[in-house]
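Novice: Here you go, sequence then predicted model.
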Amino acid sequence: MKQITFTLNGRKRQWDIAPDETLIDLLRRQGLTGTKRGCDTGMCGSCAVIIDGRAVNACIYYAFQVDGRTVETIEGVGDFDRPHPLQTALADAGAVQCGFCTPGFIMTAKALLDRKPNAEDADFRQHLDGNLCRCTGYVKIEQAIRSCSTAAEGGAQ
């Protein structure tokens, strides 16, 4: 076992981890089940979290790699009473059907919009390329996320 310390959703935390433990396993072991386990190969994006401002797939990221870093999960983004603008936009656009992929899309889009609030279509296509949805066909998801960019008239960011 190895002990690591990192900032999780704004709070500095410390855990004992196995050398081969993935970040998704650590998060889910701690009760943070919003980060979804999908493919376990880094191909679907359902496990996306933000590490030091960048979206990464937690299923292929070892827990020891976040030692000393900052990690944000969907649980740190918004809640039922105070949703993040991305959460509101996706719900309002009807872009949440089964909801399994939604946390990954939100985390990936948030990482992009935090770095580039005026993101445009080409940015969305590039950054959301690794997120898969089996229900919506992407149109509503893209429209909702686009509405949060300051490049969109009346953007929520």
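Specialist: Nice, I can see it. This structure is a prediction, so every number in the text was calculated from the model and none was measured.

Novice: where does the protein dip in pLDDT?
Specialist: Scanning the chain for pLDDT under 70 picks out the ranges 151-157.

Novice: please redo it, this time with the cut-off set to 50
Specialist: 154-157 (pLDDT under 50).

Novice: what helix or strand does the most centrally placed residue in it sit in?
Specialist: For the chain, the residue nearest the mean C-alpha position is M107 (2.2 Å; C-alpha atoms, centre = their mean). Using DSSP states H and E, M107 maps to helix 102-115.

Novice: Report all helices and strands that that helix contacts.
Specialist: strand 48-51, strand 54-57, helix 85-92, helix 121-127, helix 139-147 (3 or more C-beta pairs under 8 Å, 6 or more residues apart in numbering; DSSP states H and E). (Glycine included, C-beta is placed from N, CA and C.)

Novice: That one to helix 139-147, inter-axis angle?
Specialist: Note on geometry: by axes from the mean of the first three to the mean of the last three C-alpha atoms, to 10 degrees, helix 102-115 and helix 139-147 are set 30 degrees apart in direction.
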